[in-house]
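Trainee: model the following, please.
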Amino acid sequence: MANMPKYKVEHYEKKISRHFDPLIKEQELLVKQFEADATKKIVDKLAKRMGADKIINQMRTAEERMRIAKRDARIFFTKKAEKEKKEEALAYNVKHRENEINLEDCMKTMEDWAQELVDREIRKRPEGKQLAQLEAVKQKSMDIVYENGDDEAIAKALDSCTKKIGIAWVVDTSNIKHIASK
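Mentor: All right, here's what the predicted structure looks like:
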């Protein structure tokens with residue numbers, strides 16, 4: 001072997017690998033299958049002997065209850081959203097990820113829906129009515145700008161519109177003193 005050239009050694013190594021690797025892989029698969037089957041048979045016996053079977057059963061029961069709770073939550077929120085026409089307010093996971101819905105998603109959806117109710121109730125309070133009035137005046141001001149082509153007419157109409165809320169659109173600058181620079 002000491003006299004054999006490197007390319008010949010590499011050739012024999014590759015040829016040996018070509019012949020043995022497929023057989024070795026096949027045998028490894030058989031061994032893994034045997035290990036998996038044997039492990040599967042022994043797990044329950046070992047768990048029972050160690051006392052882990054009670055904990056494992058609790059976990060199974062909890063996971064099954066969680067799966068059912070997730071399914072029920074998804075059905076509830078989806079149906080409620082359809083009934084109330086609030087599909088866009090559903091949390092992303094509630095809409096799109098059936099198995100990933102969690103308590104946080106349910107709470108996010110409830111918070112969004114609660115926010116909508118709070119917004120409606122606030123609109124009934126004096127502060128909300130004031131906000132609605134300011135929004136209406138702003139929209140009217142925008143309409144004036146878009147619907148008139150004359151700068152003078154726009155300024156006059158905006159002044160008239162905004163005086164109602166205490167904003168002077170046209171400011172009289174004739175009484176302002178000239179500031180001289182030194």
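Trainee: where along the chain do the helices fall?
Mentor: 6-50, 52-84, 92-96, 103-122, 126-147, 151-163 (DSSP state H).
Trainee: packed most tightly, which of the ones you listed would that be?
Mentor: helix 92-96 (a mean of 16; mean count of other C-beta atoms under 10 Å). Heads up, the C-betas are built off the backbone N, CA and C, glycines and all.
Trainee: give the rounded mean pLDDT of that helix.
Mentor: Per-residue pLDDT over helix 92-96 has a mean of 57.
Trainee: low-confidence ranges in the chain?
Mentor: Scanning the chain for pLDDT under 70 picks out 1-2, 84-100, 102-103, 105-107, 113, 149, 180-182.
Trainee: can you pull the domain assignment for it?
Mentor: 6-107, 126-163 (automatic domain parsing).
Trainee: output those in JSON lines; the columns should cover distance to Glu116.
Mentor: Putting the domains of the chain into JSON lines (distance: least, C-beta to C-beta, whole Å) gives the following:
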{"stretch": "domain 6-107", "distance to Glu116": "7"}
{"stretch": "domain 126-163", "distance to Glu116": "14"}
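Trainee: so for Val171, which of the ones you listed sits nearest?
Mentor: Val171 sits nearest to domain 126-163 of all those, at 9.4 Å, using C-beta to C-beta.
Trainee: all set, thanks.
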